[in-house]
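Novice: Okay, sequence plus prediction incoming.
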Amino acid sequence: MAAPLPDGQPGKSASPLQRLDLDGHNLPPSPAPSSPRNGRRRYALATELVYTEGKDQYGASSTPIYQSATFKQTSASGGQQEYDYTRSGNPTRTHLERHLAKIMNANRALAVSSGMGALDVISRLLRPGDEVITGDDLYGGTHRLLTYLATNQQIVVYHVDTTDVDAVKARLSEKTTMVLLETPTNPLIKIVDIPSIARLAHEVNEKALVVVDNTMLSPMLFNPLDVGADIVYESGTKYLSGHHDIMAGVIACNDAAIGDKLYFTINSTGCGLSPNDSFLLMRGVKTLAIRMEKQQTNAQLIAEFLESHGFRVRYPGLKSHPQYDLHWATARGAGAVLSFETGDAAVSQRIVEATRLWTISVSFGCVNSLISMPCQMSHASIDAKTRKERQMPEDLIRLCVGIEDANDLIEDLSRSLVQAGAVTVTLDGFHANESAQSL
Ligand SMILES: Cc1ncc(COP(=O)(O)O)c(C=O)c1O
Ligand SMILES: N[C@@H](CCSC[C@H](N)C(=O)O)C(=O)O
């Protein structure tokens, strides 16, 4: 696990943090706690996503945006008041963080300026010589940051097939400081057995941190902290906010000391989420349940449509997914990202460019449906040689399904498949070309 911070106690430099909350954590106190149970769920998740209990002086039902960098103090002695400076803490951000802790089943949540910012904060728990085990199918930006750490910070990074528990086991040692996992993986939608890997990692080194990127599923569908993870993070740019109008990242954990170290980095580097974006993320979180329900219903229909026309589709809602049972052992839904292949990158590009309703865009989790070619877009930061070694198909198309009418989405996709020459049209309809079927 992480070495102590160089200058002693985390949070020492931030005088407003001298107070302890009800559970004894060194948290910035909130003027508007979002839950009467201090960070624990009481109702069904769909209710808890919406339900907050604030203590606004005017009874504002939506926690206001405290658009202020500084907070006036009543004394010069320091540390008397809850807030002094927004980099160290802001009431709108604290309200959001309390709410996130509740829905992520965590003792502590922290909101930062992007998903990559979240991973950057977490990675600062590492020290030169530490070993990290991670997947061979990962979001491109994660791969890029890990490569930077390996090249410049003497962190040893092993990329293994994390869908193979034995492959992870073979790499684990007392030197393993962190195991960084994604499930389903982006973009190959492979499923990782988080409980087994977490158990094995902790058996080999009880201080190893198991970190899970839960962006693909969101707390609506999966709570990695409940199955052995030490830290969970997400890109709040995606499902949590849901409208592609902000960048955000969230981190959650149960260990108070880890939470304090993460907070120390956020305060020291200044990557805490702004008051305005905290407000927007809080608003987005409240509609997560209805958005995700509709998005996954649509995704299931689209996955079935493509499969029934002969395409090889990667989606854990399909029984044909090789790890269908493993996924459903811990997750509460299949999510709304799927990928499929055509056997020909030029054909795939023509499909993507022929769509009208599906926007050509990176990212996912938005109310609008998006289409992309990961090798050329979201994962272009992984060089072509590495992509080949990791068997990332260059013709892969990723669909990130939104909340539109499913028939409209299917109609637009059908027209694009025909227009791109990806299917053979017969009197009975159409079927994927042989190149796609022989995959
Ligand atoms: C799985 C995953 N994790 C993390 C990130 C990083 O999030 P952000 O773009 O908010 O920095 C992304 C996408 O960008 C992602 O797809
Ligand atoms: N140019 C960006 C690409 C962001 S990809 C966003 C998202 N995670 C996805 O998977 O689509 C970059 O270089 O990071």
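Specialist: It's in. Everything numeric here is computed off the predicted structure, so don't read it as measured data. Ligands and ions are numbered 1, 2, ... in the order given.

Novice: my guess is L281 meets D245, correct?
Specialist: No - taking C-beta atoms under 8 Å as the definition, L281 is not a contact partner of D245, at 10.1 Å. Backbone N, C-alpha and C define where each C-beta goes, glycine included.

Novice: Comparing the two, which shows the higher neighbour count?
Specialist: When neighbours are counted by other C-beta atoms under 10 Å, L281 and D245 differ, and L281 comes out ahead with 26 against 11.

Novice: show me where the stretch 1-150 of the chain has helices.
Specialist: In order along the chain, the stretch 1-150 of the chain carries the following helices (DSSP state H, counting those that start in this stretch): 45-50, 91-103, 115-123, 140-152.

Novice: Dump the first one to CSV, restricted to CA.
Specialist: Spelled out, it's helix 45-50. Extracted in CSV, the C-alpha atoms of helix 45-50 (Å, rounded to 0.1, in the frame of the first residue of the first chain):
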residue,chain,number,x,y,z
LEU,A,45,-31.0,3.2,-4.9
ALA,A,46,-33.5,4.9,-7.3
THR,A,47,-34.9,6.7,-4.2
GLU,A,48,-31.6,7.5,-2.7
LEU,A,49,-30.3,9.0,-6.0
VAL,A,50,-33.0,11.7,-5.7
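
Novice: First-to-last residue distance for stretch 420-433?
Specialist: Looking at stretch 420-433, the gap from its leading to its trailing residue is 11 Å under the measure C-alpha to C-alpha, to the nearest Å.

Novice: so how far is it off the chain centroid?
Specialist: 36 Å (C-alpha atoms, centre = their mean, to the nearest Å).

Novice: Which positions within that stretch qualify as buried?
Specialist: Buried residues in stretch 420-433, counted by 16 or more other C-beta atoms under 10 Å: A420, G421, A422, V423, H431, A432, N433.

Novice: Now for those residues: which two are most distant?
Specialist: Farthest pair in those (C-beta to C-beta) is A420 and H431. Separation: 14.3 Å.

Novice: got a list of what the spatially most central residue of the chain touches?
Specialist: Centroid-nearest residue in the chain: T215, 1.9 Å away (criterion: C-alpha atoms, centre = their mean). When contacts are counted by C-beta atoms under 8 Å, 6 or more residues apart in numbering, T215 is found next to G115, Y139, E182, N186, E234, S235, K238, Y239, G365.

Novice: Kindly recompute the last result at 6 Å.
Specialist: E234, S235, K238 (C-beta atoms under 6 Å, 6 or more residues apart in numbering).

Novice: which among the residues you listed gets closest to ligand 1?
Specialist: When those are ranked by distance to ligand 1 (C-beta to the nearest ligand atom), S235 comes first, at 3.0 Å.

Novice: hey, what's the closest one bridged with?
Specialist: Under DSSP bridges, the beta-bridge partners of S235 are G249.

Novice: Measure how buried it is and give me the count.
Specialist: The criterion is other C-beta under 10 Å. On that basis, S235 has 28 neighbouring residues.

Novice: Pretty sure it sits against G115.
Specialist: Yes - contact status for S235 versus G115: in contact at 2.7 Å, counting by C-beta atoms under 6 Å.

Novice: Between those two, which contacts overlap?
Specialist: Residues within reach of S235 and of G115 at once, by C-beta under 6 Å, 6+ apart, are G249.

Novice: residues from this structure in reach of ligand 1?
Specialist: On the criterion C-beta under 6 Å from any ligand atom, ligand 1 has as its neighbours in the chain the residues 114-116, 139, 141-142, 182, 186, 213, 215-216, 235, 237, 247, 249.

Novice: and the least confident of these?
Specialist: Lowest pLDDT within those is found at N186 (91).

Novice: Now do the helices in the stretch 151-300 of the chain.
Specialist: Under the criterion DSSP H, counting those that start in this stretch, helices of the stretch 151-300 of the chain are mapped to 165-171, 194-204, 218-221, 256-269, 275-286, 288-308.

Novice: Need the winner for burial among those helices.
Specialist: Each of these was assessed for mean neighbour count using mean count of other C-beta atoms under 10 Å. The highest is helix 218-221, with a mean of 25.

Novice: re earlier: which one of the helices of the stretch 1-150 of the chain lies closest to N298?
Specialist: Ranked by C-beta to C-beta, the member of the helices of the stretch 1-150 of the chain that lies closest to N298 is helix 45-50, at 18.4 Å.

Novice: Who are the packing partners of the closest one?
Specialist: Helix 45-50 sits against helix 91-103, helix 275-286, helix 288-308, with contacts defined as 3 or more C-beta pairs under 6 Å, 6 or more residues apart in numbering; DSSP states H and E.

Novice: got any ranges where the stretch 51-200 of the chain has weak pLDDT?
Specialist: Low-confidence segments of the stretch 51-200 of the chain, defined by pLDDT under 70: none present.

Novice: same thing but 80
Specialist: In the predicted model of the stretch 51-200 of the chain, residues 53-56, 78-80 satisfy pLDDT under 80.

Novice: And the residue of it closest to ligand 2?
Specialist: With distances taken as C-beta to the nearest ligand atom, the stretch 51-200 of the chain approaches ligand 2 most closely at G141, which sits 4.1 Å away.

Novice: Can you give me the neighbour number for the residue lying closest to that residue once chain neighbours are set aside?
Specialist: When the adjacent residues along the chain are set aside, G141 lies closest to M116, with 5.2 Å between them (C-beta to C-beta, 6 or more residues apart in numbering). By other C-beta under 10 Å, 20 other residues sit near M116.
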